[in-house]
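Visitor: How does the following fold in three dimensions:
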Amino acid sequence: MTRSVYDIPVKTIDGTETTLNQYQGKVLLVVNVASKCGLTPQYEGLQKLYDDKKAEGLEILGFPANNFLEQEPGSEAEIQEFCSVNYKVDFPLFAKISVAGEDKHPLYTTLTQAVPERIGEGPWWKDLVDYGLTPNQPPEVLWNFEKFLINKNGEVVARFAPDITADDPRIVDAVNAELAK
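Guide: Numbering: from 1, shown residues only. Below you'll find the model as predicted:
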């Protein structure tokens with residue numbers, strides 16, 4: 001049986017040990033984030049989606065990760081300051097974790113096992129290849145800003161490729177559908 005996302009130990013960005021248990025009954029969008037990535041401006045759209053849907057029960061949870069070209073080199077304090085100052089982020093951020101490879105955090109093992117394929121696989125994959133990189137094959141996380149949608153029961157119901165932005169109808173419609181349940 002797949003482990004519940006609610007039971008997996010995580011740390012908040014200030015280092016407090018916790019779990020995602022406090023988010024039971026809410027719709028979650030879990031995103032691996034990075035401060036020095038070409039996709040970093042997605043913080044703006046994620047914050048807007050959070051502002052628009054928080055009152056309806058959406059929580060966006062940001063997990064900084066340094067797995068891809070070391071695009072999240074900062075400390076937790078530096079990450080938090082960067083997000084606050086540059087993007088006015090006030091959705092929950094967590095301590096830096098690994099989202100791919102041998103040292104992948106148990107949360108991301110659970111997420112990628114639950115939904116191995118991404119929605120929107122497309123141009124970003126080719127862009128990575130054109131840059132001379134070897135993209136991770138599913139079920140591994142492809143890059144920063146991959147998004148996992150979790151329903152109110154804690155089930156992973158969708159996974160979106162990194163270049164699918166928070167205002168994309170595929171994400172907005174999926175979030176709205178889960179909030180309506």
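Visitor: rest of the way, CA atoms for contacts and neighbours
Guide: Noted.
Visitor: Could the C-alpha coordinates of the helix or strand of the chain with the lowest mean pLDDT be exported in CSV?
Guide: Every helix and strand of the chain was ranked by mean pLDDT, DSSP states H and E. The lowest is helix 123-130, at a mean of 84. Only the C-alpha atoms of helix 123-130 are listed here, as CSV (Å, rounded to 0.1, in the frame of the first residue of the first chain):
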residue,chain,number,x,y,z
PRO,A,123,8.5,21.4,-25.4
TRP,A,124,10.3,21.5,-22.1
TRP,A,125,11.7,18.0,-22.7
LYS,A,126,13.1,19.1,-26.1
ASP,A,127,14.5,22.3,-24.6
LEU,A,128,16.5,20.2,-22.0
VAL,A,129,17.8,18.0,-24.7
ASP,A,130,18.7,21.0,-26.9
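Visitor: Just the buried residues of the helix or strand residue 44 falls within, please?
Guide: Per DSSP states H and E: residue 44 is located in helix 42-53. For helix 42-53, a neighbour-count test (16 or more other Cα atoms under 10 Å) marks 42, 43, 44, 46, 47, 48, 49, 50, 51, 53 as buried.
Visitor: Next SSE downstream of it?
Guide: strand 58-64.
Visitor: residues touching the closest residue to residue 58 other than its chain neighbours, list them.
Guide: In space, and not counting its chain neighbours, residue 58 is closest to residue 27: 4.8 Å by Cα to Cα, 6 or more residues apart in numbering. Contacts for residue 27 (Cα atoms under 8 Å, 6 or more residues apart in numbering) come out as 57, 58, 59, 149, 150, 151, 152, 175, 178, 179.
Visitor: Which members of those residues occur in helices, if any?
Guide: Per DSSP state H, helices hold the following members of these: 175, 178, 179.
Visitor: Now do the same contact list for the second one.
Guide: Read that as residue 178. Going by Cα under 8 Å, 6+ apart, the list of residues near residue 178 reads 27, 151, 152.
Visitor: Narrow those residues to those in strands?
Guide: residue 27 (DSSP state E).
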